[in-house]
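Q: got a sequence here, can you build the structure:
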Amino acid sequence: MKAASAERRVGLDEGWLRRLFAEGRRRAERRGQAILVSATTAVPRCDALSFYERGASLVRARVFWSSPNAERTVAGVGEAATLTVGGPSRFADAAIAWRNLTDGMLVDAETDALASGPVALGGFAFDPLRPTTELWRGYPAGLLTVPRYVLTATAGQAWLTVNALVWPDGASSAESDVVERVRSLLEGPDVDAAPSAEHPPRVDELCQSGEWKELVRTAVERIRHGELEKVVLARACHARAGARLSPSRVLRRLREDYPGCFLFAIDRGERCFLGASPEQLVSLGQGTVQTMCLAGSTARGATAEDDRRLGDDLLASAKNRSEHAIVARGIRERLAGAGVDVGPIGPPTLLRLRNIQHLYTPIVGRVTDGRGVLDLIALLHPTPSVGGQPRDVALRLIREREGLDRGWYTGPIGWVDGRGQGEFTVAIRSALLSGAEATVFAGCGIVADSDPESEFAESCLKLKPILSALGEG
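A: Residues are numbered from 1 along each chain as shown. A predicted model of the protein is given here:
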């Protein structure tokens, strides 16, 4: 429920917040249960990554999100409410929990811009049925957090949202010094307390190259025998630096080097899962669904002529076009089968990043049945670009043979607002940071014509963005 603003505000007014929270307590008493209270006001333009960085001095719980070319950035600090789900029905359970939390909420906002007002940010593991290890402690099968403080920024505007869960007995998650805390987030110094590492991190394989190539050969044999069309196999390496790795420093490097990617970071205590992903899983805004097929890769060239040649070879590659077609067909069938009106899909083009280029096809559709973005994730994840085709057969092969705890790697990461709109990326080109150590992930799509040596080389290309951002030469 939304409360109309009496006048335009720029900046935070403590009296306004107190009145809003008092109204929230009265409503909670009438309903006999806690309600979410959310207040949004315009603020001077602020770098959301700086907001995220300053949050480290207040709490350990932080989140960061940025769409390509910083069209929209969201940074959250603290936790007003947390939703944790697990099991095969986690997306449906998350959608229900989010609707329950936002039902009857009290919102005072002077904008209805996407990702403003009450939003939940978080992510999901790749496979909820695979046993987890200590590596991913703190990252359950599904986690959505409503931050205490949220900064939403676009090219020309910025909004600050303060969220609190208010209970009938008067208890509230709102602090009395909220104005001072917000000022420190908006105006504090841009200084990261973590020292810079004097030397590049030491990098070690978690699975030796020969073992991984043998796994690729096994997958190719099973594909050629007709068990499946495609499977995505992941690998990881371990990086150890001489000092604590700073998430905000890594994000700044990724933002500079890969502006066309989705940037994300989810802090859980001393750990942070972050990355720069080129792949959109799905977005939903005003009934329009957007997703993409991203499959088939090659390196960038050392010269413009080299680059064009490599791109042309990728576009002409029967192996890569076949892999791309499998993914595009799988996405279209899942959306259309659920009643999403999918528009025509054109031929693949090239998506060029700093060190790699991909075959890329955008896919657009319309929903008319009230589905939210979490419902769409349930349809799509895992797409053939990170799981395989057929889905169940590929997942079974990954569980049996991959030998890696992917955790949130290749899972959905993003945000959802109070209207069910939102945007999620596929968490590739990513790493899990813990103190001075990081586990860095990469994966490759394996089809009938895959060559183990070429796939290993491609996986090295995909590891490079994060390793470089960590300081590896």
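Q: based on its surroundings, how many neighbours for Gly337?
A: The local packing of Gly337 (other CB atoms under 10 Å) involves 9 other residues. For the C-beta atoms, the positions are set from N, CA and C on the backbone; glycine is no exception.
Q: now do stretch 254-269, average pLDDT.
A: Confidence for stretch 254-269, expressed as mean pLDDT, is 95.
Q: roughly how far is that stretch from the heart of the chain?
A: Distance, stretch centre to chain centre, for stretch 254-269: 9 Å (CA atoms, centre = their mean, to the nearest Å).
Q: buried sites along it?
A: When neighbours are counted by 16 or more other CB atoms under 10 Å, the buried residues of stretch 254-269 are found to be Leu254, Arg255, Tyr258, Cys261, Phe262, Leu263, Phe264, Ala265, Ile266, Asp267, Arg268.
Q: nearest to Arg72 among those residues?
A: Phe262 (10.3 Å; CB to CB).
Q: how about that closest one: what's its closest non-neighbour residue?
A: Spatial nearest neighbour of Phe262, excluding adjacent residues (CB to CB, 6 or more residues apart in numbering): Thr425 at 3.9 Å.
Q: checking the one you found next. Helix, strand or coil?
A: Secondary structure assignment for Thr425 (DSSP: H, G, I helix; E, B strand; the rest coil): strand.
Q: I figured it hits Gly411, correct?
A: No: contact between Thr425 and Gly411 fails when scored by CB atoms under 8 Å: they sit 9.9 Å apart.
Q: quick check, central residue of the chain?
A: Ile413 (2.5 Å; CA atoms, centre = their mean).
Q: got the contact list for it?
A: Applying CB atoms under 8 Å, 6 or more residues apart in numbering to Ile413 gives the contacts 65, 122-124, 264, 266, 273, 275, 277, 424-427.
Q: give the rounded mean pLDDT of stretch 187-207.
A: The predicted model assigns stretch 187-207 a mean pLDDT of 71.
Q: where's the residue nearest to the centre of the chain relative to Leu314, distance?
A: Ile413 sits 27 Å away from Leu314, going by CB to CB, to the nearest Å.
Q: can you check Glu211 too?
A: Here Glu211 is placed at a distance of 28 Å from Leu314 (CB to CB).
Q: quick one, which of those two is more surrounded?
A: More crowded of Glu211 and Leu314, by other CB under 10 Å: Leu314, with 21 against 11.
Q: so the nearest residue to that one once chain neighbours are set aside, which state does it fall into?
A: Excluding its sequence neighbours, the residue lying closest to Leu314 (CB to CB, 6+ apart) is Thr298, at 4.5 Å. Of the three states, Thr298 takes strand under three-state DSSP.
Q: distance check, Thr298 against Lys462.
A: 12 Å.
Q: shared neighbours of the two, anything?
A: With CB under 8 Å, 6+ apart as the test, Thr298 and Lys462 both reach Ile356.
Q: so who does Thr439 touch?
A: Leu135, Leu206, Ala236, Cys237, His238, Ala239, Ala431, Leu432.
Q: the helix or strand where the residue nearest to the centre of the chain lies - what's its average pLDDT?
A: Following DSSP states H and E, the helix or strand that holds Ile413 is strand 412-417. The average pLDDT for strand 412-417 rounds to 97.
Q: parallel or antiparallel, list what pairs with that strand.
A: Sheet pairing here is set by DSSP bridges, and for strand 412-417 it gives strand 119-124 (antiparallel), strand 422-426 (antiparallel).
Q: domain ranges for this structure?
A: Listed by automatic domain parsing, the domain ranges of the chain are 14-187, 202-262+269-470.
Q: and those domains, which one is worst for confidence?
A: Among the domains of the chain, domain 14-187 scores lowest, at a mean of 90.
Q: measure that domain end to end?
A: End-to-end distance for domain 14-187: 17 Å, by CA to CA, to the nearest Å.
Q: distance between that domain and the chain's centre?
A: The mean C-alpha position of domain 14-187 is separated from the chain mean by 15 Å, CA atoms, centre = their mean.
Q: now swap in stretch 179-190 and tell me
A: For stretch 179-190 - counting by CA atoms, centre = their mean - the centre lies 26 Å from the chain centre.
Q: can you pull the buried residues of that stretch?
A: So stretch 179-190, judged by 16+ other CB under 10 Å, has buried residues Arg181, Val182, Ser184, Leu185, Leu186.
Q: out of those, flag the one nearest to Val250.
A: Scanning these for proximity to Val250, where the rule is CB to CB, the winner is Leu185, at 20.1 Å.
Q: so what are the sheet partners of the helix or strand that contains Ile266 and their directions?
A: Here Ile266, judged by DSSP H and E, is contained in strand 262-268. Strand 262-268 pairs in its sheet with strand 62-66 (antiparallel), strand 271-277 (antiparallel), by DSSP bridges.
Q: list the contacts of the last one.
A: Right, the one you point to is strand 271-277. Contacts of strand 271-277 (CB under 8 Å, 6+ apart): 64, 123, 137-139, 247, 250-251, 254-255, 257-258, 261-266, 407-408, 413, 425-434, 465-466, 469.
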